[in-house]
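Engineer: Quick one, fold the following:
(one chain, ligands or ions: 1)
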Amino acid sequence: MEKTVIINLKHYQASSGSNCEKFLSKFIGMEAPADTRIVFALNPIDFRLARSFPELEFYAQHVFPVDYGPSTGHYSIESLLDLGISGSLLNHSEMRVDGIFIAKTLDKANAMDFPITICAESAAEADKYSSLKPEFIAYEPPELIGGNISVTSAKPEIIKDVIGKCSKFSVPVLVGAGVKNNSDMRKSVEYGAKGVLVASGIVLADDPLLSLTSLIEIL
Ligand code: G3P
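Structural biologist: Sure thing, here's the model as predicted:
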C-alpha cells in the first residue's frame, strides 16, 4: 500500500522565502521506500521554486476557484500547473474557507484531474467533504496543531470514525497535528490512514532530513 507524507512548509522562517531553497535542498537525493510518496506543500511566495527541484513533488497550501483574469491576490489551478505544482491542500485550519468555496474548487479541480487534499477538523466535516471526491481528506484537530501531542495518540477513535465515514466515498485519509516520529506514522497506518500531513516535526527539527527519514523508515 502506498503511503503519502505531505510536508506543509507553512510560513515558517526556516522554510520560506530566502530559506526555502536551502530547506528543499536538504531532501535532494534522499532515499525513501518505494511505496512512500513525499510531497512538499509550498507557500505562495515560494511557488516559483518548484521548477528548480524537478525530483521533488509539490502541492500548494491553498488554491482558489478562479481562472486566469482579473483576480487580484488570487491564483488558479492553471497557474499552479504552469509553475510545476501538481496539487493543493484546501481548507487548512490556518486557511479556512466555506463549503461553497470548497465545492466550486473541487468541481474545477476534479474536471482537470488536479488532486486536492481537503483538511477537516472533525469527523462531521470529513463526512461532509468526502462526497466531493478529494484525493485525500486530512483530519487535523486544530488544538493539536504545532504541539507535542500527536493526533495518533490523542484521537485514535476519531481517526477510525473519519476513515469509516470517508470509506463510503472511497476517499483515503491522512492524519495530521503533532506528528513527529515513526511511531505516529505507524499508528496512523495501523488505524487505516494512508499517511500523514506534518509541518513543525520536520520544518523546525534540528535535522529536517533525519526527522523525515526516521518518520518513514520503518514502513
Ligand atoms: O498541515 C500540517 C499541520 O497543520 C500540522 O502541523 O506542526 O502539528 O505538524 P504540525
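Engineer: which bits of this structure sit near the ligand?
Structural biologist: 8, 92, 140, 145-146, 176-179, 197-201 (Cβ under 6 Å from any ligand atom). C-beta coordinates here come from the backbone N, C-alpha and C atoms, glycine included.
Engineer: Show me which of the residues you listed are buried.
Structural biologist: In the residues of the chain next to the ligand, burial by neighbour count holds for 8, 92, 140, 145, 176-179, 197-201, counting by 16 or more other Cβ atoms under 10 Å.
Engineer: Report the two of those residues separated the most.
Structural biologist: Across these, the longest distance by Cβ to Cβ is 16.1 Å; it joins His92 and Gly201.
Engineer: What ranges in the chain fall below the confidence cut-off?
Structural biologist: Within the chain, the stretches with pLDDT under 70 are 218-219.
Engineer: Span of stretch 9-17 from start to end?
Structural biologist: Start and end residues of stretch 9-17 are separated by 11 Å (Cα to Cα, to the nearest Å).
Engineer: Help me confirm that Ala109 is found in a helix?
Structural biologist: Yes: assigned with DSSP: H, G, I helix; E, B strand; the rest coil, Ala109 falls within a helix.
Engineer: Report the beta-bridge partners for the spatially closest residue to it that is not a sequence neighbour.
Structural biologist: Spatial nearest neighbour of Ala109, chain neighbours left out: Ile116 (4.8 Å); criterion: Cβ to Cβ, 6 or more residues apart in numbering. The partner list for Ile116 in beta bridges (DSSP bridges) reads Ser88.
Engineer: which residues touch Ile116?
Structural biologist: Counting by Cβ atoms under 8 Å, 6 or more residues apart in numbering, Ile116 touches Val63, Gly87, Ser88, Leu89, Leu90, Thr105, Leu106, Ala109, Asn110, Pro134, Glu135.
Engineer: ok, it to the ligand distance?
Structural biologist: Noted for Ile116: a distance of 14 Å to the ligand, by Cβ to the nearest ligand atom, to the nearest Å.
Engineer: for Leu56, same thing?
Structural biologist: Going from Leu56 to the ligand by Cβ to the nearest ligand atom gives 17 Å.
Engineer: still on that earlier bit, can you list which of the residues of the chain next to the ligand are found in helices?
Structural biologist: Ser200, Gly201 (DSSP state H).
Engineer: and the residues of the chain next to the ligand as TSV, adding distance to Ala126?
Structural biologist: Below are those laid out as TSV (distance: Cβ to Cβ, whole Å):
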residue	distance to Ala126
Asn8	18
His92	14
Glu140	10
Ile145	16
Gly146	21
Gly176	13
Ala177	14
Gly178	18
Val179	17
Leu197	13
Val198	18
Ala199	20
Ser200	23
Gly201	22
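Engineer: I'd say Ala32 and Ile216 touch.
Structural biologist: Yes: assessed by Cβ atoms under 8 Å, Ala32 is found in contact with Ile216 at 6.0 Å.
Engineer: Who has more neighbours out of the two?
Structural biologist: Neighbour totals were compared for Ala32 and Ile216, and Ile216 leads with 22 against 16 (other Cβ atoms under 10 Å).
Engineer: what sits against Ala193?
Structural biologist: By Cβ under 8 Å, 6+ apart, the contact set of Ala193 is Ile159, Ile163, Pro172, Val173, Leu174, Val175.
Engineer: what packs against the host helix or strand of the second one?
Structural biologist: By that I understand Ile163. Using DSSP states H and E, Ile163 maps to helix 156-167. For helix 156-167, the packing partners by 3 or more Cβ pairs under 8 Å, 6 or more residues apart in numbering; DSSP states H and E come out as helix 123-130, strand 136-139, strand 173-176, helix 182-191.
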